[in-house]
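Student: Okay, sequence plus prediction incoming.
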Amino acid sequence: MTLVPRRLLRLLLDASRDLLPIMLVIAFFQVVVLQQPFPSLGGVAAGSLLVILGLALFVQGLEMGLFPLGEAMADAFARKGNLTALLTFAFCLGFGTTVAEPALIAVAGKAAAAASEAGAIADSGEARGTYTLYLRLTVACSVGTALVLGVFRILKGWPIQYLIVGGYLLVVALTFFAPPGIVGIAYDAGGVTTSTITVPLVTALGVGLAGSIRGRNVMVDGFGLIALASLTPMIFVLILGMVA
Amino acid sequence: MEAGLGLLHHTLTTTLATVIDVAPIVVILFGFQFVVLRKRPPNLKKILIGFVYVLAGLSLFLVGLEEALFPLGETMAAQLTAPAFIYGPGGGGGGEHFSHWYDYFWVYVFAAAIGFATTVAEPSLIAVALKAENISGGAVNAFGLRMAVAVGVAAGVALGAFRIVTGTPLPFYITAGYVVVILQTMRASKTIIPLAYDSGGVTTSTVTVPVVTALGLGLASTIPGRSPLIDGFGLIAFASLFPIMAVLGYASLMFWWRRRRDVGGKSTNADGGEDRT
């Protein structure tokens, strides 16, 4: 069928190669630096097998499912020519994929715990819950906004560097006014928003749009959505820190 | 037997969690597909199978990591930052210790090594690198791009650990990093800039975030005078900024190397593509 044995073998080999560095690092530090016995070799081997199998399936699924779907949708939106629908889709995609993102929930939870320990918010479950929720909604809105801006940029063909450099300047300026406690969280929020399923979809969307619009170059105009989605959360969370 | 059951249980709960995570994406995609676009995508069946592969793959990947590697990685981050390890046995008593930044040698080495290793296994980076190689017709080498990004993350996380140890303000580093990126952007080829910026965002997802966050919070709670709130965060920001520099640098290096080779007249290979796995 679609997964012929030779291709499967190739995918599994690639996945093993990708996992090898982690294994080496952990083994080296465990045995040489910390001088502790390597715990339950069987468990580590079973886990690694799952990781390798999982990576191989993921890469195969990307090329069968996520990439073609993202590009087909970009193409369909470009043909339809309805700007409002496209921008609404971009916002929903950014917001919807981020608000439930596990990495973001984890970091927001740790941020709430750290903030209540430091006395920035009340030390109660309710206060921490509210803090976590606000943080997640803020970051989700910022990613939605980023995709709207990024799609608009692809349509217009603006160079990405002006937007990014402008964003950097804004981040630096806002840092001066934001309370110090929020700065680290804000800077990290940019990194955790783009999840493993969002990235391939958003990349395919950008590349597909740039490919469907006359006069756009896929390399120059197609990439850049992820960059914007990593930048706006910093700006939005810094602002949240100033108003909250 | 019990371990096997536990693994099965873990696999099922993780699969369920992944499906719940992906549910909003699926609703949005198919909602727009059928309500707004009103057109069946071509090869719908193949796309659905692909989705199932992605979900199953990601679940297995996460279970494997959580079973085998994360506990080790997080424990090691805690052990390496523990006072007993840093000040030697018998140390870590009173608050008298005058520790130098170089006492944390193994922390920096660990930070760099784990940053590199987790980035190599990061699925979203694999996705972007594959796409870039495809659409550039091989001018961008997927493996080379991933290595450049991994080196960037390694440098970033190590420097981030150094910052937590010394307690110097995060904004200084990030602002200086921005200045370097802006300078590099002014000299870089137009086709690599968007890809380089994107590589900053994709480095930190499933694999890198948990281990690196544990390292940062562990360091900040061990070192006297550091607050987890102010100093514990920020490692991810380093890991997102440095790959941009690394990819821009890698691109200039490749450009310089190809031009030098072509001027040397040894190779007239027009596309300049080098064969690597």
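Tutor: Arrived safely, thanks for sending. Predicted model only: the values in this text are computed from it and were never measured.
Student: Can you tell me the closest non-neighbouring residue to whatever residue of the stretch 51-200 of chain B ends up closest to chain A?
Tutor: As assessed by Cβ to the nearest Cβ, chain A sits closest to residue B:68 within the stretch 51-200 of chain B, at 2.3 Å. C-betas here are computed from N, CA, C, even on glycine. Using Cβ to Cβ, 6 or more residues apart in numbering or on different chains and skipping the chain neighbours, the partner closest in space to residue B:68 is residue A:47 (2.3 Å).
Student: same check, this time on residue A:210
Tutor: Skipping the residues right next to it in sequence, residue A:210 comes nearest to residue A:222 by Cβ to Cβ, 6+ apart, at 3.7 Å.
Student: can you pull the contacts of the one you found?
Tutor: Residue A:222 is in contact with A:154, A:203, A:206-211, A:216, B:135, B:194, counting by Cβ atoms under 8 Å, 6 or more residues apart in numbering or on different chains.
Student: Dump the residues you listed to TSV, plus secondary structure.
Tutor: Formatted as TSV, the entries for the contacts of residue A:222 read as follows, by DSSP: H, G, I helix; E, B strand; the rest coil:
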residue	secondary structure
A:154	helix
A:203	helix
A:206	helix
A:207	helix
A:208	helix
A:209	helix
A:210	helix
A:211	helix
A:216	coil
B:135	helix
B:194	helix
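Student: Quick check, the residue of the stretch 51-200 of chain B closest to chain A in contact with residue A:44.
Tutor: Yes: counting by Cβ atoms under 8 Å, residue A:44 is a contact partner of residue B:68 at 4.4 Å.
Student: Give me the more crowded residue out of the two.
Tutor: Under the neighbour definition other Cβ atoms under 10 Å in any protein chain shown, residue B:68 and residue A:44 were set side by side, and residue B:68 has more, 26 against 20.
Student: Reduced to three states, what does the more buried one come out as?
Tutor: Three-state call for residue B:68 (three-state DSSP): helix.
Student: and residue A:115, what does it touch?
Tutor: Residue A:115 makes contact with A:121, A:128, A:131, A:181, B:229 under the criterion Cβ under 8 Å, 6+ apart.
Student: how close does the fourth one sit to chain B?
Tutor: Meaning residue A:181. Relative to chain B, residue A:181 is positioned 5 Å away (criterion: Cβ to the nearest Cβ, to the nearest Å).
Student: can you pull the pLDDT of that residue?
Tutor: pLDDT recorded at residue A:181 is 78.
Student: what does the first one give?
Tutor: Reading off the per-residue confidence, residue A:121 sits at a pLDDT of 74.
Student: about what we covered before: what's the distance between the residue nearest to residue A:210 and residue A:67?
Tutor: Counting by Cβ to Cβ, to the nearest Å, the gap between residue A:222 and residue A:67 amounts to 12 Å.
Student: what are the ranges of the helices in the chain?
Tutor: You didn't say which chain, so I picked chain A. With DSSP state H as the criterion, chain A has helices at A:5-28, A:41-61, A:67-80, A:83-99, A:102-117, A:125-156, A:160-177, A:180-192, A:198-212, A:225-243.
Student: Chain B is the one I meant
Tutor: Assigned by DSSP H, chain B shows helices spanning B:2-31, B:44-64, B:70-81, B:83-86, B:105-120, B:123-135, B:142-166, B:170-187, B:193-202, B:208-222, B:228-231, B:235-263.
Student: Who are the packing partners of the fifth one?
Tutor: Other elements packing on helix B:105-120 under the criterion 3 or more Cβ pairs under 8 Å, 6 or more residues apart in numbering or on different chains; DSSP states H and E are helix A:5-28, helix B:70-81, helix B:142-166, helix B:208-222, helix B:235-263.
Student: For the most centrally placed residue in chain A, which non-adjacent residue is closest in space?
Tutor: In chain A, the C-alpha closest to the average C-alpha coordinate belongs to residue A:194, at a distance of 0.7 Å (Cα atoms, centre = their mean). Nearest non-adjacent residue to residue A:194, counting by Cβ to Cβ, 6+ apart: residue B:201, 4.8 Å away.
Student: repeat for residue B:244
Tutor: Leaving aside its sequence neighbours, residue B:244 is closest to residue B:200 (4.4 Å, by Cβ to Cβ, 6+ apart).
Student: surely the one you found meets residue B:246?
Tutor: No: contact criterion Cβ under 8 Å: residue B:200 and residue B:246 do not qualify, at 9.6 Å.
Student: Please name whichever of the helices of chain B is nearest to residue A:150.
Tutor: Put simply, out of these the one that sits nearest residue A:150 is helix B:193-202, at 10.0 Å, with distance taken as Cβ to Cβ.
Student: one step back: could I get the helices and strands packed on helix B:105-120 as TSV with distance to residue A:162 and mean neighbour count?
Tutor: Putting these into TSV (distance: least, Cβ to Cβ, whole Å; neighbours: other Cβ atoms under 10 Å in any protein chain shown) gives the following:
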stretch	distance to residue A:162	mean neighbour count
helix A:5-28	35	16
helix B:70-81	39	20
helix B:142-166	23	24
helix B:208-222	29	24
helix B:235-263	16	21
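Student: least reliable of those helices going by mean pLDDT?
Tutor: Mean pLDDT per stretch puts helix B:70-81 lowest among the helices and strands packed on helix B:105-120, at a mean of 75.
Student: Name all residues that make contact with residue 207.
Tutor: Just going to use chain A. Under the criterion of Cβ under 8 Å, 6+ apart, the contact list for residue A:207 reads A:70-71, A:74, A:218, A:222-223, B:131, B:135.
Student: my bad, chain B
Tutor: Residue B:207 makes contact with A:22, B:65, B:118-119, B:121-123, according to Cβ under 8 Å, 6+ apart.
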